[in-house]
Structure formats: structure tokens, C-alpha cells
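1. can't give you the sequence, but here's the structure:
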């Protein structure tokens with residue numbers, strides 16, 4: 001496991017914004033992919049946004065145009081900017097990363113601890 005530390009969750013009103021951050025620590029050669037997942041009350045975990053090392057990003061349909069995934073390579077950090085939030089965005093958000101610790105090492109998939117996002121109506 002590669003430690004992933006998330007921050008930025010909280011309570012926000014309908015239409016508000018939040019930015020989540022997730023930083024990977026330890027020796028890192030490269031990060032193949034980043035992603036954000038979420039799990040709402042009584043729901044299965046779902047993919048919200050993914051960002052490949054090439055820079056290609058994909059989004060779940062309900063967040064397209066409202067959420068933006070980005071990264072800062074030197075600090076091994078990924079962000080999720082969430083705008084125009086809705087009550088249905090309420091969930092625990094999890095960071096995911098596929099990491100090469102060293103050149104030629106195996107790929108390690110890791111998860112963050114989760115951060116709660118609550119959107120009030």
C-alpha cells in the first residue's frame with residue numbers, strides 16, 4: 001500500500017463548492033492513474049472521475065461539467081474540484097492511485113481513508 005491522505009471534505013449548501021485533495025507519500029517513481037470514487041448512503045461505491053498519466057480525464061455522467069480532476073505531479077497530489085454541488089453528491093469520497101514505487105517495480109493500487117462530503121438542500 002502507498003499511503004494516501006485525503007482532505008477537504010465537509011458540509012456545504014446546495015450549489016456550493018468544495019475541493020478535495022489527496023497526497024501520496026513515500027518513494028514514488030510514477031503514478032499511472034488517479035481516481036476519485038464515492039459511496040453514498042445505502043449505495044455501492046462508484047467511480048466519479050479518473051485521470052490517466054497521459055492527462056486524459058473521464059467523469060461519471062452526473063458530475064460532468066461540475067467536477068474537475070487535476071493533479072500536481074511534483075507533490076504527488078490529486079484534486080477534485082466540485083462545483084454546483086447537489087444533495088445527491090452527498091457521500092464518502094475515496095481517493096485511488098495506481099503507483100510504481102520504483103522503476104521496474106510492480107504496480108501498487110492504493111486507497112485513501114475516505115472523506116465525508118455532505119450537501120444540504
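-> Cool, the structure landed. Nothing here was measured: the structure is a model prediction, and the numbers come from that model.
2. for residue 29, see how far away the residue of the chain most remote from its centre is.
-> Distance from the C-alpha centroid of the chain, by CA atoms, centre = their mean, peaks at residue 104 (25.7 Å). For residue 104, the distance to residue 29 (CB to CB, to the nearest Å) stands at 8 Å. From N, CA and C alone the C-beta is placed, and that goes for glycine too.
3. mind checking how far the residue positioned nearest the centre of the chain is from residue 58?
-> The chain has residue 36 as the residue nearest its centroid, 2.9 Å off, counting by CA atoms, centre = their mean. Residue 36 sits 11 Å away from residue 58, going by CB to CB.
4. now for residue 54, how many residues are close by?
-> When counting by other CB atoms under 10 Å, one arrives at 8 neighbours for residue 54.
5. is it part of a helix or strand, or is it coil?
-> Recorded secondary structure, residue 54: coil (DSSP: H, G, I helix; E, B strand; the rest coil).
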